[in-house]
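[1] When you get a sec, could you give me coordinates for this:
(2 chains)
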Amino acid sequence: MDLLIQLTLNGLFNGAHFALLAMGFALIFGTTGVVHFAYGPVYAVGAYAIWALAVLVGLPFWAAVLLGVALTAALGVGCYLFIYRPFEISGSPPFVVLVASLGLFIVMKNLIGIVFGTGVKTVDSVAYDVHFVGNAFFTTVQLGQVAAALLVGCGIALFLRASRYGKAIRAMADNREMATVIGIDTTRLSILVFALGSAVSAVAGSLVLLRDGLNPNMGFGAVFVAFVAVIVGGVGSLRGAVIAAFLLAFVQSLGMWQIPTEWQNTIVFVVLFGFLLARPSGIVRRA
Amino acid sequence: MEYLAHILVMVCLYGILATSFNLLIGFGGIFALAHATFYASGAYAAGILATKLGIGFPLTLLAGTVVTAAIGLLVAFPAMRVGSHYLVVITLALQAITIDVLMNSKPLTGGPDGIPGIPPVSLFGTALTSPVSFLPLAAVMAALCCAVAWRLGASPFGRSLRAMRENEAAAQAVGKNLVRMKLVVFAMSAGLASVAGTLVAHYIAFVNPESFTIEETILILAMVILGGMGNLWGSLAGAAILVLLPEGLKFVHVPGDIADMVRQVIYGVVLIVILRLRPEGLFPETVFRTSTGAARSSVPANGPPTGALERASGTPGEVVVSATSLSKHFGGIQAVKDLTIDLKRGEIVGLIGPNGAGKTTAFNLLSGFLRPTGGTILYRGRDVTKLKPHEVVAAGLARSFQDLKLFTKLTVVENILVSLPAQPGDRPLDVYFRPGLVRRADRENVARALEIASFVGLLAKADETAANLSYAEEKLLVIARLLATGADVLLLDEPLSGLDTVTVERICGVIRDLARANKAVCIIEHNLEVIRGVCDEIVFIDEGRVLTKGPPDTLMRDRELAERYFG
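    Model (predicted):
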């Protein structure tokens, strides 16, 4: 019973983490259509930047996070402006952009390894509490993940619904050509969603830094989970992506009840397989 | 010397991997990014069989190929259901599962430690342990694999693959069985990749999961893209360049522990730069185009029209297609309801009605692209309601698309060639085992395709890619492709829209010729002048139902119709 409670809690906290990643990716992919594989390493670079600012530079953690989030947003925008946009301008087919993003993924991932080394990076200066539910436990950092997911989720939802930019983003996600026709500046919006999406990923990165520490390979799992959540949730639906993120986390976590840990990833992928084959349009279908 | 031989062995192995991957993505246009899985399967099959069961080289190769081809067939299934991004995600997931399986099935795969001590290949009593002794074997195997891939790519089947890559719906509409084609290309591509795996296992004498990660798939992808998608020679060049490049870097001083990462960064940068500068790769696919050479001179510039048209058998006026009470709804929307229509030999039926009336949906139902919710379609008394599009074409009913759906990167003559029915070269077994038959048939088919091109007036453009045609020429090519299917019921979706009067006249002439050749023709058209000029009967559809039908002159005097449509 304790195990079940622990696994459910893990599912919840991991779900919050996945949801953050998925929301950032959904903003970028849903709006611009760019399969931004480098989202993973961008998130990793963000987390490493926060680590460097906190540990090497010695900034207070909150300041490191703020600065790191801003840097990550800038890096995301850089990916768009210097890598993806030239392809868009020359009218390249989507697969070319996709392969370019894979190239960018490899470059950034390995650059992290070269610059920071392959060892695990952690922050010791931030103290946090451990809370118990029976014999199951969780930490303040994990609570922070849930809070961050809630705040970011509500913030993005509000932004998309109420602000002028948000409405324009929704229009562009729905039909890019029409959006251009009615005078929406799609380049500016692309920059905006790349900035926002990358910033969201850095928020997730800051909390993972406290929870697990960093390694250069962390980007792959992140972009993968985000991508899977967006597709299982239904492309174009932020709500779907969040639901799918939690679903994935719970499947992964509760699967461990019966199935050995090392098969965790396989469980998720098998769910993805089944899901895509059975319902290719995702949980939340677009009208 | 040993060092040089080692590099050449690696070029051979990656040459096999890149050419086999090119079959899948360059020819088939199938973005299944799990090639390292097939590579791993060959390597582990060899490792497990050799160390656990003591089975030696040629047998490990055979077993590996068979097992991997079977895995390829499994991966083909998701590729049938989903395309583009979804397929990329699914196959990347598969790639990750592969690593999980290799890492965690310790008793079989040795987990992270892999399988050491795989015995080397023994040929003629000598064990091939050194790179120099292994190189001849690697070279021969690479040459063999490339020959197998080349044969498939350059065959009519390869042409059909490229057509499928350009447009899946159109490939179905000219009678291609996409399911079969995808299964074949997956099995071939996987089987060939496994050969490289088996070789590497015996060569290095050791396999572990690290050699078969996603980075490996991306590296092979980079080779294919660098060389040029759809050009198998290019893949060899791409493999050579990306194997040699990091070797060259060894002369630059890089600390050992980051050398591998530096190499990866270089791959990534090279990949992006090539995509920017030469998205088609170093070698474009032109060499795989069908040459019309000698056949061309024997075709008269404006051949007698009947030469391109086989007269359909049967008596004029006989009902060939009889659709009864067809209905189709999408969710709550009734696109077609209770549609009944007969098509007769030698007659041209015009399907008219306002936008959204259900005309194109009717075509989709008749041609098998949509399964009707109710009603039946009989073709010469045979129930074809539930047939797949390519089966409908084989039965004798073909359709064109309003948005043309040409095979853009294929030449005009290839567009027509692909559409010709029952080609021996479309059967992979015949491609390999009856080359004479395939060659003869293809020579005849090229001649026939040129005749058809000449008939519609596109002979001068026969070797141009479809992308280089004017709009009018594109429309003519659509007709040519439809003709080539040899079907005797032809459905043309807006063949005349947006054309100048000269081309309209020419196409109208062709349509009349079709009817004269005893074919049943049905066209969707908005231009009433044209309708009056060519059609024997008009069927007026609105809101998914047949409102009225009759000869053009009678119908055009109808007052209700005038109000609803012409008003």
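[2] where in chain B is pLDDT low?
    Applying pLDDT under 70 to chain B flags the ranges B:82-84, B:250, B:252-254, B:256, B:287, B:293-309, B:559-567.
[3] is any part of the longest helix along it close to chain A?
    The residue-count maximum for a helix in chain B (DSSP state H) belongs to helix B:178-204. No: with Cβ under 8 Å from any Cβ of the partner chain as the criterion, chain A is not reached by helix B:178-204; the gap is at least 15.0 Å. C-beta here means a position set from N, CA and C on the backbone, and glycine is covered the same way.
[4] and that helix, how far from the chain's centre?
    Relative to the chain's own centre, helix B:178-204 is displaced by 18 Å; criterion: Cα atoms, centre = their mean, to the nearest Å.
[5] Could you check how many residues crowd around B:Thr292?
    22 (other Cβ atoms under 10 Å in any protein chain shown).
[6] how about the lengthiest helix in chain A: buried residues?
    Longest helix of chain A, by residue count under DSSP H: helix A:2-32. For helix A:2-32, burial by neighbour count (16 or more other Cβ atoms under 10 Å in any protein chain shown) applies to A:6-32.
[7] just checking, what packs against that helix?
    When contacts are defined as 3 or more Cβ pairs under 8 Å, 6 or more residues apart in numbering or on different chains; DSSP states H and E, helix A:2-32 sits against helix A:39-51, strand A:136-139, helix A:140-162, helix A:164-174, helix A:186-211, helix A:218-233, helix A:238-255.
[8] Where among these is average confidence lowest?
    Looking over these, mean pLDDT reaches its minimum on strand A:136-139, with a mean of 82.
[9] For that one, which strands pair with it and how are they oriented?
    Take DSSP bridges as the rule and strand A:136-139 pairs in its sheet with strand A:130-133 (antiparallel).
[10] Give me the distance between the strand it pairs with and the centre of its chain.
    The answer for strand A:130-133 is 27 Å, by Cα atoms, centre = their mean.
[11] pLDDT of that strand, averaged?
    80.
[12] Need the contact partners of that strand.
    With Cβ atoms under 8 Å, 6 or more residues apart in numbering or on different chains as the test, strand A:130-133 has contacts from A:5, A:9, A:137-140, A:143.
[13] ok so, going back, which of the helices and strands packed on helix A:2-32 sits closest to B:Val418?
    B:Val418 lies closest to helix A:218-233 among the helices and strands packed on helix A:2-32, at 32.4 Å (Cβ to Cβ).
[14] Extract the CA atoms of the closest one and return them as PDB.
    Provided in PDB are the C-alpha atoms of helix A:218-233 (Å, rounded to 0.1, in the frame of the first residue of the first chain):
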ATOM      1  CA  MET A 218      19.000  14.900 -20.100                       C
ATOM      2  CA  GLY A 219      17.700  16.700 -23.200                       C
ATOM      3  CA  PHE A 220      16.700  13.600 -25.100                       C
ATOM      4  CA  GLY A 221      14.300  12.200 -22.600                       C
ATOM      5  CA  ALA A 222      12.800  15.700 -22.100                       C
ATOM      6  CA  VAL A 223      12.100  16.500 -25.700                       C
ATOM      7  CA  PHE A 224      10.900  12.900 -26.200                       C
ATOM      8  CA  VAL A 225       8.400  13.100 -23.400                       C
ATOM      9  CA  ALA A 226       7.300  16.500 -24.500                       C
ATOM     10  CA  PHE A 227       6.900  15.400 -28.100                       C
ATOM     11  CA  VAL A 228       5.000  12.200 -27.100                       C
ATOM     12  CA  ALA A 229       2.700  14.200 -24.800                       C
ATOM     13  CA  VAL A 230       1.900  16.700 -27.500                       C
ATOM     14  CA  ILE A 231       1.100  14.000 -30.100                       C
ATOM     15  CA  VAL A 232      -0.800  11.800 -27.700                       C
ATOM     16  CA  GLY A 233      -2.700  14.800 -26.400                       C
END
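[15] any bit of it sitting next to chain B?
    Yes: against chain B, helix A:218-233 shows contacts by Cβ under 8 Å from any Cβ at A:220, A:224, A:227-228, A:231.
[16] Ok, stretch A:93-102 next?
    Yes: contact of stretch A:93-102 with chain B (Cβ under 8 Å from any Cβ) involves A:94-96, A:98-100, A:102.
[17] Buried residues of that stretch, list them for me.
    Buried, per 16+ other Cβ under 10 Å, within stretch A:93-102: A:95-102.
[18] Then stretch B:343-359?
    Neighbour count says stretch B:343-359 has B:343-353, B:357-359 buried, by 16+ other Cβ under 10 Å.
[19] and which of those residues is nearest to B:Ala487?
    If you rank the buried residues of stretch B:343-359 by distance to B:Ala487 using Cβ to Cβ, B:Leu343 comes first, at 11.6 Å.
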